[in-house]
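S.K.: pasting the sequence and the predicted coordinates here, then a few questions.
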Amino acid sequence: MTKDVTLPDSPLTRIPNVSLMRAGSGFILAGYDGSLVRWGHLTLDGALTEEAGFELAQPIVLGPVFGATMKATPGDQLVAIVVTNSATVSGGYDITAKVQTTGVPTAAAPVVLATLPAGTDPSLVQIAAGAASSGNVGFVAWGTRVPGISPTHLLLPADAVTAATPSKLYDDPPANVPNWDCLATTGGTTGLGYSVVTPDLQGTTDLVANEVSETGAATRLTYQFRVAVASCQVVSAPGPAGTYVMALETSNAIDFAMYYPPVIAGGDGSVSTKGPVLSASSFGDPLSMPHPVWAGPATGGDISIGLARTAGVQIFRFTFDAIPHGAPLTLRSEEGQTGPVASWVDLDTVYVTYTDQAKTSPPSVRRYFMRVDSP
């Protein structure tokens, strides 16, 4: 543990669910309290500065999700993206972005990024967003979970104003687009990554990740698991030398998988799934099993898995062949009542933030920011 900071109390730090996005030299912390979007810049040492906020038009059908982009300096614009009733298509829905620039007291007028057609079932719509780790550009991905319709993404330059055409994850005829679920922002070398989970013929599932460059070039990779992902609980991050680390929840355990790139140029890479590495019985029963919140590389080819536990975030470390390496590390909690976890994984480092019920009278909430090296 090389950094452990209690962030100052503020409307932002009291929000349970936040996004932690790497954007340039630091992070952006962003959340929505049901009335206002609140956000600020967070240094790698845990200094929270330039907090701001703005309202979102109501009613919100889905969202918000958050991205970041650059107006003058990397990560100086927050982009809040929501799905609302369309202003132009009766029975349709608009995907809109609202942008605020650091130092500007008000947000700009909403920008319509795309319109979903009339008859779209909003309960089948999924949306995700994020930012390049450079802070230069953001992205949004969306899709409607009906047969033949591919998820789509769009890069977001300054002010989220773009004339670009959205790009599809599957640029195939509708009959060749697989059923998909679990659209989410995912770890990638640029930060501009998203993924979905698809079924395969063996009754197991695959993770399909799309890595997008800042110029819009996209690389789609399919990671085949030997098990079925449960409840969309799968997390991932790039490892060294082209590897990719994944942790997933099944019906009765937590497993991990590692992708290894091809040894010979032009060959095929391989995915090795290990499990169960943490069985449900070790937590009492399947209903008590915590969710994985990150997976990442650790020193010496090990794998680090973070679990969201109410008593405190817990970190497990395994060798590449699933042998536990040392004892679990439990991050601090005063009362054993922690909130949702946001994290960002780098090579051999993970940054973590979460709320905690403090021992005060009356009860209060604190937010921690931590850096764990070689987790």
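M.R.: Yes, it's here.

S.K.: now the nearest residue to Thr250 once chain neighbours are set aside: how far from Ser279?
M.R.: In this structure, Thr250 finds its nearest non-sequential neighbour in Val227, 4.9 Å apart by Cβ to Cβ, 6 or more residues apart in numbering. Quick note: C-beta positions are derived from backbone N, CA and C, even for glycine. Separation of Val227 from Ser279 (Cβ to Cβ, to the nearest Å): 13 Å.

S.K.: ok, the two, which is more surrounded?
M.R.: Between Val227 and Ser279, Val227 has the larger neighbour count (other Cβ atoms under 10 Å), namely 19 against 15.

S.K.: phi, psi of that one?
M.R.: Dihedral angles of Val227 (phi, psi; degrees, to the nearest 10) stand at phi -140, psi 170.

S.K.: also Thr299?
M.R.: Dihedral pair for Thr299: phi -60, psi 140, per degrees, to the nearest 10.

S.K.: so it makes contact with Ser374?
M.R.: Yes: taking contacts as Cβ atoms under 8 Å, Thr299 lies within contact range of Ser374: 4.5 Å.

S.K.: please enumerate the shared neighbours of these two.
M.R.: Asp348 (Cβ atoms under 8 Å, 6 or more residues apart in numbering).

S.K.: contacting residues around the residue nearest to Thr250?
M.R.: Contacts here follow Cβ under 8 Å, 6+ apart; on that basis Val227 touches 204-205, 248, 250, 255, 273, 275.

S.K.: gap between it and Glu249?
M.R.: Where Glu249 is concerned, Val227 sits at a distance of 10 Å (Cβ to Cβ).

S.K.: repeat for Ala23
M.R.: Here Ala23 is placed at a distance of 29 Å from Glu249 (Cβ to Cβ).

S.K.: which one's more surrounded, these two?
M.R.: Higher neighbour count among Ala23 and Glu249: Ala23, with 29 against 24, using other Cβ under 10 Å.

S.K.: how about the nearest residue to the more buried one, chain neighbours excluded?
M.R.: Gly75 (2.9 Å).

S.K.: where does the one you found land in three-state SS?
M.R.: For Gly75, the secondary-structure state derived from DSSP: H, G, I helix; E, B strand; the rest coil is coil.

S.K.: and what of Ala118?
M.R.: Classified using three-state DSSP, Ala118 is coil.

S.K.: right, and it touches Ser90 too?
M.R.: Yes: counting by Cβ under 8 Å, Ala118 does reach Ser90; the two are 6.1 Å apart.

S.K.: mind checking which of these two has more residues around it?
M.R.: Under the neighbour definition other Cβ under 10 Å, Ala118 and Ser90 were set side by side, and Ala118 has more, 11 against 7.

S.K.: look up the pLDDT of the more buried one for me, please.
M.R.: As predicted, Ala118 sits at a pLDDT of 97.

S.K.: report the beta-bridge partner residues of Val352.
M.R.: Note on Val352: beta-bridge partners by DSSP bridges are Ser343, Met370.
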